[in-house]
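Asker: What follows is a predicted protein model with its sequence.
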Amino acid sequence: MRVVYVVLFCHFLTAFTALGMPLFMPRMLSDLAQGDAQYLIGIMFVLPPLCAALTAPWWGRFADRYGKKKSLLRAQLGLTIGFLLSGFAGTLWFFCLGLIVQGICGGTLAASNAYLSSKYKGESLANSLNLTQCSARLALITAPALLGLLTEVLEPLHIYRYLSLLPFGAFLMSAFLQADKTIVKSKNPSQKYKLQKKNFTQLLFLQFLFCFAMVVTFPYFLPYVNALGKTSDSMVGFYYSLPHLVYLLLFIFMGKFAFSATHRSLFGFLLLGIAGVGQFSLQNINALIVYRLLFGLGMLFCYSGLHLLLSHQLHQNQSGLYFGRFDAWGKWAGVFAGLIASFIGQYFSLHWVFLLSSFTCFTAILILLIGTKGTSGNDNEKT
């Protein structure tokens, strides 16, 4: 478990900035862009995940060939450089360069999970994946509120300079981790591997829909809350991070539920869909906390179900590639979600992103139901 704790702590250090700062993108763009920068928010929001989506499979192959520890160190150092570039940006184009470097050279979640896959298998790996999401949720809980307070005394762009020390610290700590062994690829994949590959394709679609449903509500969450009722940046950060607090507090109880991976995912998507409809229908800020809590429960069950499905479908020889592709589909979802959110934010009410999130969740439910009928009796993954 010492390895898990070190990886989790290092992932938290890198996720704190990468997941917390985009919430304050409107503030940063207002300083860099002349005139109305509303249309740029969604575009800048998707730039890092776009670059990450293009490079994640390649970095996965890099991890399988040269070692997952080396890939983890590469990701942490890349984020350090990207944060420094963003922190010293004096123009919009230089800030774009920093975001591009963050996307191309980042990917610490996939790199961390791939490294853990060299140490754990099956349900133990699924639990480890839940823990890495726990570190990400912890970052999303603490970062918005703390960074919201910092934006009241410091320029958001300048905060990047100081936060670059976090991934660099993770890089120094990870350097002492035990190196993993690279595995020679099999030239004659088994029939079981071919079946896993088929199921993995369905899992990639579910990952895409899940990430899209979450991310499409993020870029304009700050102006959305302000439209419901004027409040401070720190309170917006609280509402933003509340679903992640639910995950952090309740994920340890997931082992007590004797649900299959498919049933967990179904229940999670259903809760996310209901929460999205609720936030779409809100006219004031009073009931927002209820739907954010429901949103958090949906995240909890979706992550648990999808991670359990993933842990049973990994091929040992290509775990780095699998995690790279899994992460890439999540990033592509973020790209499309950010672009669509930008379009909706420009021409429609900000409430509509939540309705779109719900529609995406119900589409995922349909895919799961069809997949369950096609593989009846094969979903026996229990925790």
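Answerer: Thanks, I have it. Numbering: from 1, shown residues only.
Asker: The residue nearest to Val290 when sequence neighbours are not counted and Phe295, how far apart?
Answerer: Nearest residue to Val290, sequence neighbours excluded (CB to CB, 6 or more residues apart in numbering): Gly278, at 7.3 Å. To be clear about C-beta, it is placed using only N, CA and C from the backbone, and glycine gets the same treatment. Here the criterion is CB to CB, to the nearest Å. By it, Gly278 lies 9 Å from Phe295.
Asker: likewise Tyr5?
Answerer: Distance from Tyr5 to Phe295, by CB to CB: 28 Å.
Asker: picking up where we left off before, gap between the helix or strand where the residue nearest to Val290 lies and the chain center?
Answerer: In the assignment (DSSP states H and E), Gly278 maps to helix 261-281. Computed by CA atoms, centre = their mean, to the nearest Å, the chain-centroid distance of helix 261-281 equals 17 Å.
Asker: what is the mean pLDDT for that helix?
Answerer: What helix 261-281 shows for mean pLDDT is 93.
Asker: What of stretch 149-161?
Answerer: Rounded mean pLDDT across stretch 149-161 is 85.
Asker: Not counting its own residues, what contacts it?
Answerer: 17, 21, 24, 27-28, 31-32, 83-84, 86-89, 95, 98, 147, 233-234 (CB atoms under 8 Å, 6 or more residues apart in numbering).
Asker: Could I have the buried ones of the residues you listed as ChimeraX selection syntax?
Answerer: Buried residues within the contacts of stretch 149-161, by 16 or more other CB atoms under 10 Å, are selected in ChimeraX with:
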select :17,21,24,27,28,32,83,84,86,87,89,95,98,147,233
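Asker: Can you flag which of the contacts of stretch 149-161 belong to helices?
Answerer: Using DSSP state H, 17, 27-28, 31-32, 83-84, 86-87, 95, 98, 147, 233-234 are the members of the contacts of stretch 149-161 that sit in helices.
Asker: about what we covered before: show me what counts as buried in the helix holding Gly278.
Answerer: 261-280.
Asker: Check what contacts stretch 232-247 and list those residues.
Answerer: With CB under 8 Å, 6+ apart, stretch 232-247 has contacts from 23-24, 133-134, 136-138, 140-145, 147-149, 151-152, 218, 221-222, 225-226, 288-289, 292-293, 295-297, 299-300, 303.
Asker: cool, stretch 206-214 as well?
Answerer: Counting by CB under 8 Å, 6+ apart, residues outside stretch 206-214 touching it are 265, 269, 272-273, 276, 299, 302, 306, 309, 326, 329-334, 336-337, 357-358, 360-361, 363-364, 367-368.
Asker: Gly82: neighbour count?
Answerer: Residues contacting Gly82 under the criterion other CB atoms under 10 Å number 27.
Asker: begin at 12 from here
Answerer: Sure thing, new numbering starts at 12, so read that last one as Gly93.
Asker: where does it land on pLDDT?
Answerer: 92.
Asker: next one: Asp42
Answerer: 76.
Asker: go on, Phe223?
Answerer: Phe223 is given a pLDDT of 95.
Asker: how about the strands in the stretch 12-161 of the chain?
Answerer: Counting by DSSP state E, counting those that start in this stretch, the stretch 12-161 of the chain forms no strands at all.
Asker: would you list every one of the helices in it?
Answerer: 13-31, 36-43, 49-77, 79-98, 103-116, 119-128, 133-161 (DSSP state H, counting those that start in this stretch).
Asker: now, of the ones you listed, which is deepest in the fold?
Answerer: Sort the helices of the stretch 12-161 of the chain by mean neighbour count, taking mean count of other CB atoms under 10 Å, and helix 119-128 sits at the top with a mean of 28.
Asker: which other helices and strands contact that helix?
Answerer: helix 13-31, helix 49-77, helix 79-98, helix 133-161, helix 330-358 (3 or more CB pairs under 8 Å, 6 or more residues apart in numbering; DSSP states H and E).
Asker: For Tyr126, give me its contacts.
Answerer: Counting by CB under 8 Å, 6+ apart, Tyr126 has contacts 18, 74, 79-80, 82-83, 188, 191.
Asker: who's in contact with stretch 128-145?
Answerer: The contact list for stretch 128-145 (CB under 8 Å, 6+ apart) reads 14-15, 18-19, 22, 79, 120, 123-124, 127, 191-192, 258-259, 262, 265-266, 314-315, 318-319, 321-323, 325, 327, 330-331, 334, 394.
Asker: The same query, at a cut-off of 7 Å, please.
Answerer: 14-15, 19, 22, 79, 120, 123-124, 127, 191, 259, 262, 314-315, 318-319, 321-323, 325, 330, 334, 394 (CB atoms under 7 Å, 6 or more residues apart in numbering).
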